[in-house]
Every structure is written in structure tokens, then in C-alpha cells.
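Student: Quick one: sequence and predicted model below, then my questions.
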Amino acid sequence: MSKVICGLSVSVDGFITGRDPRPGHGLGDGGVLFDWYGSGDVPSAVFAGFRLSAPSARVFDALASRVGASLAGRTTYADSDDFAGGAPHPTAPLVVLSHEAFAPANERQTIVSTGLADAVEEAKRLADGKDVGLMGGVLVTEALEAGLVDELILHQVPVLLGAGRRFFHELPQHIALRIHEVVPAPDVTHLHYLVEHAGRVEEGGAR
């Protein structure tokens, strides 16, 4: 059964972009969040051109190999210059959730304008038994609120960006997480959590 997962690079102060992210400017001044993609000696088995440290290669390739479809919001799509007419994953198709329908850039992209649940279902269909990878802070927060997320992976980079777009936005209640794995690498720490349930944490529970 397909799971819905999210693995994003994030600063210690919780940002997934730097200042001034926009079309043509990508992550703004937050490019340091992805330096670990090329700072090692081990080539990725999934993403051509990526050379990671040994710990990061193990974590990154294990997660990337699970993804059968990506799901992004319209803002992430636009800031990424429509993913150059393709998709962020070399083999997985892309679903874009948008308030309004528009023509996809190519056959690897599917646009869904009928809501988050429909977008997740379409991504699961396209994933064909593999997992769905979420992209974008607002989208991830809305999916968490709807109880649709199974796993969260924070690739935490040792930098304070000070501004940008946040990984998580305000939620109406607590969501309990369980630590699955913590993997330190030379320039990033991989924090892997399982989403236990969507509901208010009772007194004496996780904090």
C-alpha cells in the first residue's frame, strides 16, 4: 500500500527556502539547504550527478527509491520554474495541486484542481504501489491536518536562515510523532519520524 511521505531539507530555524523565493529565483538565498547533495564522494544510485556523504547516500537513496509519484502545490511548482517542464524526481511523475486548472508542461505532470484528497488519490494511483512524496510547507501542513501523512523526514542543515518559507505552518491541534531513525552526516542530520496519529496529545503523552 502506498504511503504518503515528506522529506525536505530544512534549516535549524525551520525554513525550507531563504528570503525572496519566486519564479526565476528558486529558493531565494536558501540554496545552502541543498549543498549536501554534492558535498560527498558517494554517487546517488537514483539521482544522477548527486554525490553525497556515505550516511546521506544511504538515507537519500532509500527514500528516493520509495517514491512513485511526487505531489507539489502550485507555489512550489511556480517557484521551481515548472520543474523545467518535467518532474523533481527522475522517474516519478508529478501531481500539482492548484486552485485553478491549467495545462501541464508535459505528459509527466498532472494538474488536480478538485482538492487535496483528490490530489493524493491521483498521486497514489500514479505511484502504482510505491509511495507519494509531498513537497511544499503549506501542502504538507494541510495534509497533516487532514490525517494524510504517514512519515516525515527532516534533512536538517546546520544553518539559521532567518527568513523564508516555513516547513510547518499553524495546525489546529497537536500531532504525535515517533522517532524512527536519526542519522548524523557531516553537513546534515536526517530526522525520520512516523506520524502516530492526528489528534490532541493527552496529558502525559508526547510533548
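Tutor: Sure, I can see it. Residues are numbered from 1 along each chain as shown.
Student: Please make it C-alpha for all contacts and neighbour counts, starting now.
Tutor: Will do.
Student: Ramachandran angles for residue 141?
Tutor: phi -60, psi -40 (degrees, to the nearest 10).
Student: Identify the residues contacting it.
Tutor: For residue 141, the contacting residues are 168, 169, 170, 171, by Cα atoms under 8 Å, 6 or more residues apart in numbering.
Student: just residue 51 next, same as before
Tutor: Counting by Cα under 8 Å, 6+ apart, residue 51 touches 37, 38, 39, 40, 41, 42, 43, 44, 57.
Student: Quick one: low-confidence residue ranges for the protein.
Tutor: Confidence mapping of the chain against pLDDT under 70 gives the ranges 197-207.
Student: how about 80 then?
Tutor: Along the chain, segments meeting pLDDT under 80 span 24-26, 85, 197-207.
Student: now the helices: where do they sit in it?
Tutor: Along the chain, counting by DSSP state H, helices occupy 54-66, 74-79, 116-127, 137-145.
Student: closest to residue 8 out of these?
Tutor: Residue 8 lies closest, by Cα to Cα, to one member of the helices of the chain: helix 137-145, at 9.2 Å.
Student: Filter the contacts of residue 51 down to just the buried residues.
Tutor: 37, 40, 42, 43, 44, 57 (16 or more other Cα atoms under 10 Å).
Student: The last one and residue 46 touch, don't they?
Tutor: Put plainly, it is residue 57. No. With contact defined as Cα atoms under 8 Å, residue 57 does not count as touching residue 46 (9.8 Å).
Student: List the buried residues in stretch 136-146.
Tutor: Buried positions in stretch 136-146, judged by neighbour count with 16+ other Cα under 10 Å: 136, 137, 138, 139, 140, 141, 142, 143, 144, 145.
Student: list the contacts for the second one?
Tutor: When contacts are counted by Cα under 8 Å, 6+ apart, residue 137 is found next to 16, 165, 166, 167, 168, 169.
Student: and if we set it to 7 Å?
Tutor: 166, 167, 168, 169 (Cα atoms under 7 Å, 6 or more residues apart in numbering).
Student: Looking at the residues you listed, state which has the most neighbours.
Tutor: Within the contacts of residue 137, residue 167 tops the neighbour count with 22 neighbours, counted by other Cα atoms under 10 Å.
Student: Just give the nearest non-adjacent residue to it, would you?
Tutor: residue 137 (4.4 Å; Cα to Cα, 6 or more residues apart in numbering).
Student: again, but for residue 30
Tutor: Leaving aside its sequence neighbours, residue 30 sits nearest to residue 18 (Cα to Cα, 6+ apart; 3.8 Å).
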